[in-house]
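[1] quick one, fold the following:
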Amino acid sequence: MKKIVPAFQLIGIGFYIAACIVGGMLAGWWFGGKNALWTITGLIMGIALAFYGVFRMIKPLMNNKNNKNDKENG
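    Sure, this is the predicted structure:
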(Lines give C-alpha, C1' and ligand atoms only; values in the text may rest on other atoms or scores of the structure.)
Protein backbone atom coordinates (compact mmCIF):
# COMPACT_ATOMS: atom_id res chain seq x y z
CA MET A 1 0.00 0.00 0.00
CA LYS A 2 2.88 2.36 0.74
CA LYS A 3 4.12 2.07 -2.84
CA ILE A 4 0.72 2.94 -4.32
CA VAL A 5 0.65 6.50 -2.96
CA PRO A 6 3.82 7.64 -4.80
CA ALA A 7 2.48 5.99 -7.94
CA PHE A 8 -0.66 8.11 -7.79
CA GLN A 9 1.45 11.20 -7.14
CA LEU A 10 3.47 10.46 -10.29
CA ILE A 11 0.28 9.99 -12.31
CA GLY A 12 -0.89 13.37 -11.04
CA ILE A 13 2.40 14.90 -12.16
CA GLY A 14 1.81 13.54 -15.66
CA PHE A 15 -1.63 15.12 -15.81
CA TYR A 16 -0.18 18.38 -14.48
CA ILE A 17 2.44 18.45 -17.25
CA ALA A 18 -0.17 17.83 -19.93
CA ALA A 19 -2.54 20.46 -18.50
CA CYS A 20 0.20 23.11 -18.31
CA ILE A 21 1.40 22.54 -21.86
CA VAL A 22 -2.06 22.34 -23.43
CA GLY A 23 -3.36 25.20 -21.28
CA GLY A 24 -0.44 27.44 -22.21
CA MET A 25 -0.88 26.66 -25.89
CA LEU A 26 -4.63 27.31 -25.79
CA ALA A 27 -4.14 30.54 -23.85
CA GLY A 28 -1.63 31.74 -26.44
CA TRP A 29 -3.95 30.72 -29.28
CA TRP A 30 -6.89 32.51 -27.63
CA PHE A 31 -4.86 35.63 -26.92
CA GLY A 32 -3.16 35.90 -30.31
CA GLY A 33 -5.72 34.46 -32.67
CA LYS A 34 -4.04 33.41 -35.90
CA ASN A 35 -0.67 34.88 -34.91
CA ALA A 36 1.57 31.86 -34.31
CA LEU A 37 3.98 33.88 -32.16
CA TRP A 38 1.47 34.06 -29.30
CA THR A 39 0.72 30.36 -29.55
CA ILE A 40 4.42 29.52 -29.37
CA THR A 41 4.89 31.96 -26.50
CA GLY A 42 2.01 30.35 -24.61
CA LEU A 43 3.46 26.92 -25.31
CA ILE A 44 6.89 27.94 -23.98
CA MET A 45 5.33 29.49 -20.89
CA GLY A 46 3.29 26.31 -20.33
CA ILE A 47 6.42 24.17 -20.59
CA ALA A 48 8.27 26.45 -18.15
CA LEU A 49 5.36 26.29 -15.70
CA ALA A 50 5.26 22.49 -16.05
CA PHE A 51 8.99 22.17 -15.23
CA TYR A 52 8.64 24.46 -12.22
CA GLY A 53 5.59 22.59 -10.94
CA VAL A 54 7.17 19.18 -11.44
CA PHE A 55 10.25 20.31 -9.53
CA ARG A 56 8.07 21.45 -6.64
CA MET A 57 6.04 18.21 -6.66
CA ILE A 58 9.01 15.83 -6.87
CA LYS A 59 11.14 17.60 -4.27
CA PRO A 60 9.14 16.26 -1.27
CA LEU A 61 9.14 12.74 -2.75
CA MET A 62 12.91 12.82 -3.08
CA ASN A 63 13.33 14.21 0.44
CA ASN A 64 11.19 11.40 1.86
CA LYS A 65 13.27 8.80 0.05
CA ASN A 66 16.53 10.37 1.27
CA ASN A 67 15.23 10.48 4.85
CA LYS A 68 14.33 6.78 4.73
CA ASN A 69 17.77 5.90 3.38
CA ASP A 70 19.45 7.94 6.13
CA LYS A 71 17.44 6.16 8.82
CA GLU A 72 18.28 2.72 7.40
CA ASN A 73 22.01 3.50 7.08
CA GLY A 74 22.34 5.47 10.32
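[2] please make it C-alpha for all contacts and neighbour counts, starting now.
    Will do.
[3] which strands or helices does the biggest helix by length in the chain pack on?
    Scanning the chain for the longest helix, with DSSP state H as the assignment, gives helix 36-73. When contacts are defined as 3 or more Cα pairs under 8 Å, 6 or more residues apart in numbering; DSSP states H and E, helix 36-73 packs onto helix 4-32.
[4] how about the helix it packs on: buried residues?
    10, 13, 16-17, 20-29, 32 (16 or more other Cα atoms under 10 Å).
[5] before we move on, what about stretch 34-42?
    38-42.
[6] sorry, back to before: report the rounded mean pLDDT for the longest helix of the chain.
    Averaged over helix 36-73, pLDDT sits at 84.
[7] that helix: how far from the chain's middle?
    5 Å (Cα atoms, centre = their mean, to the nearest Å).
[8] just stretch 12-29 next, same as before
    Stretch 12-29 sits 9 Å away from the centroid of its parent chain (Cα atoms, centre = their mean).
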